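Whatever this is, show me its structure:
(2 chains)
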Amino acid sequence: MTITNEDRERYQTAVTDFHTQPEPDSCFPTALKNILDELADRKDEPNLRYSISDLGDALDYVENRASASDRLAARLDPLLEEAGWEVNHMTGVGYDQLQTIIESDDRSLPLCEFHQQYFEDIGQLTDNYTPEPGLDGFGRWKHVIVPFKINDSTVLYFDPYIQFFHDLDTIDEDGAMNVPIKSFNEWWTRPEKRWALWLEPSKQQTLSAAFGDE
Amino acid sequence: MVTTEASPDDAVRVQNPEALQGGHAETRLKRHLGRGVYVHDVHELSNGNLEVSLGNASPRDLSDCRDHDNVLKFITLRDVYTIEAENTGQGVYLIDVPDRSDVIEGIDEREEEIREKLDFSMAQAIYKHVYDLPAVRTQLNPILQILRAARNRRGLTVSRIDDNQRSKNTREYVEMLKNFGYIRVEDDEILPGERLQSADLNKYSWDEFGRKFLGDVVQRGYVTIRDELNLSMLGHYQKYSGAYYFDAVQRGKQDLWLDIDTIADNFEELHGERKDRFYLQDKLGELASVNVVEKDGDYVRSEEDIYEQVARGTPTA
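As a prediction, this is how the structure comes out:
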């Protein structure tokens, strides 16, 4: 199984509509906005559309102080309720599970968090941007990325900093980060073991449907 | 596929203090406090508890506007907040997760401290340069007149200054110069103070005297002069050069080129006010004329000696 031109095309199509993060520290609310928009388009569900600033409020985003990422159900489910969706996240996600989430029509695209080692390694993988450490390194910043495709040997994903520094129209297909699964694994496994977040139809909704309430 | 997660009200349990940095407890703190927060230092207190000092990292676009090198620099600030982890005596420490707003307040304060230091070291680095700008000279002239009168023992008296005040601050200048030891007042007459007496005044020309001693006064009394004596021109120019040097020093790159729009963004971030680009062009042009910055069309970069002085005086964490 290889990453096909079709996969790349899907990546390009989705990513071209992705919003650029307004600030270098707003990766999380912006990534959420992007997976929500992609889902809203796919499901034709306008109630899933929120502005980056609405999502930032829900995540207690403060400029240059990033956002919180605990109690995610309490923070986000009230926004998703009306559309019948809810947020899910867990650690220990397997690669086949991640692939299932990516391919499932009933789930949003997932978000993953990378270990700061990513910033040390990325210079060898792309010259689209250069992370430089401060006096205390990268402060173990957890970078949020959106994976699009996994196969036996590589992972294709969206790194929002590339879009932050470049107009996406000027990025050719190399703009899609396509890295060996071994490297991806190293970044994704620390400090929390393979944490991912995605949206699913809410259980309530599923139950209501099952009991014919709707 | 759902996990339950700890509430911020639950204390974080830590068994191995050495594993705090980059470990599970730090992850809990990051989730609640922001992904930039990190454990900077841990040490044991005499009561057996642990003192956990937090830092904060914030990514900043510090690209060279001319080379387009797309640099994302992680600005780290140390000692933004301290937590005391309770030793339960059973090989377990308990950390209460602080409020996010309290930690943000700590980061704000630390950042403000650094900005103050930038402002001060900027003022010190550029003073002797901006002294040549007419607006600065005009405003500092009363101080210079008092210094010169003292140097030459012209018989200037405090009551004459009172009668003849050209600025409502003149009397305050006398007080400040007296406090710093540049002048003394005897029988109402203004005479040279220790600092003027100890210097070999003959070695300074008329112009050099002003530059040397006013520079001196500014270094000693910068905060008083700026905040209490309303000499706004002194706080004026380093705001503009600071909006450039802020990034150069944080990036640690003396030959960093920034464009006017980036400097306008920095000015707004530092002083909460948006300046028109033509106005900024003008100010930076003035500063370039006295070698505080180097300017090439829309681009600005450091003068090496100024950069070194500002970098020395501004902490980067």
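
can I assume residue A:58 is in contact with residue A:77?
No - under the criterion of Cβ atoms under 8 Å, residue A:58 makes no contact with residue A:77, lying 9.8 Å away. C-beta here means a position set from N, CA and C on the backbone, and glycine is covered the same way.

Name the residues of the stretch 201-317 of chain B found near chain A, please.
Applying Cβ under 8 Å from any Cβ of the partner chain, one finds that the stretch 201-317 of chain B approaches chain A through B:251, B:316, B:317.

From these, list just the buried residues.
Among these, the ones that count as buried by 16 or more other Cβ atoms under 10 Å in any protein chain shown are residue B:251.

Now that we have the residues of the stretch 201-317 of chain B next to chain A, can you turn them into JSON lines and tack on pLDDT and secondary structure?
Below are these laid out as JSON lines (pLDDT from 0 to 100; DSSP: H, G, I helix; E, B strand; the rest coil):
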{"residue": "B:251", "pLDDT": "95", "secondary structure": "helix"}
{"residue": "B:316", "pLDDT": "75", "secondary structure": "coil"}
{"residue": "B:317", "pLDDT": "72", "secondary structure": "coil"}
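
Run through the strands of the stretch 1-150 of chain B in chain order.
For the stretch 1-150 of chain B, applying DSSP state E, counting those that start in this stretch gives strands covering B:12-14, B:37-44, B:50-61, B:71-87, B:93-95.

of all those strands, which lies closest to chain A?
For these, proximity to chain A was assessed by Cβ to the nearest Cβ; strand B:50-61 is nearest, at 2.3 Å.

So what's the residue count around residue B:261?
For residue B:261, the neighbour count with other Cβ atoms under 10 Å in any protein chain shown is 12.

again with residue B:56
Residues near residue B:56, counting by other Cβ under 10 Å, number 29.

How about the contacts made by it?
Neighbouring residues of residue B:56 by Cβ atoms under 8 Å, 6 or more residues apart in numbering or on different chains: A:65, A:139, B:34, B:36, B:37, B:38, B:76, B:77, B:80, B:103, B:107, B:110.

In contact with residue B:134, which residues?
Contacts for residue B:134 (Cβ under 8 Å, 6+ apart) come out as none.

so what secondary structure elements neighbour the longest helix seen in chain B?
In chain B, with assignment by DSSP state H, the single longest helix is helix B:100-130. Helices and strands touching helix B:100-130, as assessed by 3 or more Cβ pairs under 8 Å, 6 or more residues apart in numbering or on different chains; DSSP states H and E, comprise helix B:24-33, strand B:50-61, strand B:71-87, helix B:206-223, helix B:232-251, helix B:277-289, helix B:304-313.

Quickly, which of these bottoms out on average pLDDT?
Mean pLDDT is lowest for helix B:206-223 among the helices and strands packed on helix B:100-130, at a mean of 76.

what packs against it?
When contacts are defined as 3+ Cβ pairs under 8 Å, 6+ apart, helix B:206-223 packs onto helix B:100-130, helix B:134-151, helix B:170-179.

Could you dump the contacts of residue B:56 into CSV and include neighbour count and distance to residue B:24?
Shown next, in CSV, are the contacts of residue B:56 (neighbours: other Cβ atoms under 10 Å in any protein chain shown; distance: Cβ to Cβ, whole Å):
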residue, neighbour count, distance to residue B:24
A:65, 22, 23
A:139, 26, 17
B:34, 28, 17
B:36, 27, 18
B:37, 29, 15
B:38, 25, 14
B:76, 23, 21
B:77, 26, 23
B:80, 24, 21
B:103, 22, 19
B:107, 23, 23
B:110, 19, 26
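
mind listing the strands in chain A by residue range?
Assigned by DSSP state E, the strands in chain A fall at A:85-90, A:111-114, A:130-132, A:143-150, A:154-158, A:177-180, A:196-201.

Dump those to TSV, plus distance to chain B.
Formatted as TSV, those follow (distance: least, Cβ to the nearest Cβ, whole Å):
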stretch	distance to chain B
strand A:85-90	5
strand A:111-114	8
strand A:130-132	5
strand A:143-150	8
strand A:154-158	16
strand A:177-180	15
strand A:196-201	8
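
Of all the ones you listed, which one is nearest residue B:227?
Closest approach to residue B:227 among the strands of chain A (Cβ to Cβ): strand A:130-132, 35.4 Å.

Tell me which strands that closest one pairs with, and in which orientation.
Strand pairing for strand A:130-132, using DSSP bridges, gives strand B:71-87 (parallel).

Okay, now the unreliable bits of chain A?
Applying pLDDT under 70 to chain A picks out residues A:1, A:168-175, A:204-214.

Check which residues of the helix ranked longest in it are buried.
Looking across chain A with DSSP H, the single longest helix is helix A:27-43. Neighbour-count burial for helix A:27-43, counted by 16+ other Cβ under 10 Å, picks out A:27-40, A:43.

Could you save the strands of the stretch 1-150 of chain B as a markdown table and add columns showing distance to residue A:86?
Formatted as a markdown table, the strands of the stretch 1-150 of chain B follow (distance: least, Cβ to Cβ, whole Å):
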| stretch | distance to residue A:86 |
| --- | --- |
| strand B:12-14 | 26 |
| strand B:37-44 | 27 |
| strand B:50-61 | 30 |
| strand B:71-87 | 33 |
| strand B:93-95 | 30 |
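
returning to that earlier point: okay, residue A:58 and residue A:77: which has more neighbours?
Between residue A:58 and residue A:77, residue A:58 has the larger neighbour count (other Cβ under 10 Å), namely 19 against 16.

Of all residues in chain A, which one is closest to chain B?
Closest point on chain A to chain B, by Cβ to the nearest Cβ, is residue A:139, at 2.3 Å.

can you tell me which of the strands of chain A comes nearest to residue B:120?
Across those, residue B:120 has its closest neighbour in strand A:130-132 (26.0 Å, Cβ to Cβ).

residue contacts, residue B:93?
Counting by Cβ under 8 Å, 6+ apart, residue B:93 touches B:13, B:14, B:15, B:17, B:49, B:50, B:85, B:86, B:87.

Just give the nearest non-adjacent residue to the last one, would you?
Read that as residue B:87. Excluding the flanking residues, the one nearest residue B:87 by Cβ to Cβ, 6 or more residues apart in numbering or on different chains is residue B:48, at 4.2 Å.

quick one: that neighbour and residue B:88 touch, right?
No - judged on Cβ under 8 Å, residue B:48 makes no contact with residue B:88 at a distance of 9.8 Å.

shared neighbours of those two, which are they?
If you check residue B:48 and residue B:88 against Cβ under 8 Å, 6+ apart, no residue is contacted by both.

residue in the stretch 201-317 of chain B nearest to chain A?
Chain A sits closest to residue B:317 of the stretch 201-317 of chain B, with a gap of 3.8 Å, by Cβ to the nearest Cβ.

Would you mind measuring from residue A:109 to residue A:189?
Counting by Cβ to Cβ, to the nearest Å, the gap from residue A:109 to residue A:189 is 20 Å.

These two: who's more crowded?
residue A:109 (21 against 15).

so the more buried one makes contact with residue A:15?
No - contact criterion Cβ under 8 Å: residue A:109 and residue A:15 do not qualify, at 10.5 Å.

what's the closest of the helices and strands packed on helix B:206-223 to residue B:63?
Closest of the helices and strands packed on helix B:206-223 to residue B:63 is helix B:100-130, at 20.1 Å (criterion: Cβ to Cβ).

What's the mean pLDDT across the closest one?
For helix B:100-130, the mean per-residue pLDDT is 92.

And it, how far out from the chain middle?
Its chain's average C-alpha position is 3 Å from that of helix B:100-130, according to Cα atoms, centre = their mean, to the nearest Å.

between that helix and helix B:277-289, how many degrees?
Calculated by axes from the mean of the first three to the mean of the last three Cα atoms, to 10 degrees, helix B:100-130 forms an angle of 50 degrees with helix B:277-289.

for the closest residue to residue B:29 other than its chain neighbours, what are its contacts?
Excluding the flanking residues, the one nearest residue B:29 by Cβ to Cβ, 6+ apart is residue B:37, at 5.8 Å. Going by Cβ under 8 Å, 6+ apart, residue B:37 touches A:139, B:29, B:30, B:54, B:55, B:56, B:80, B:103.
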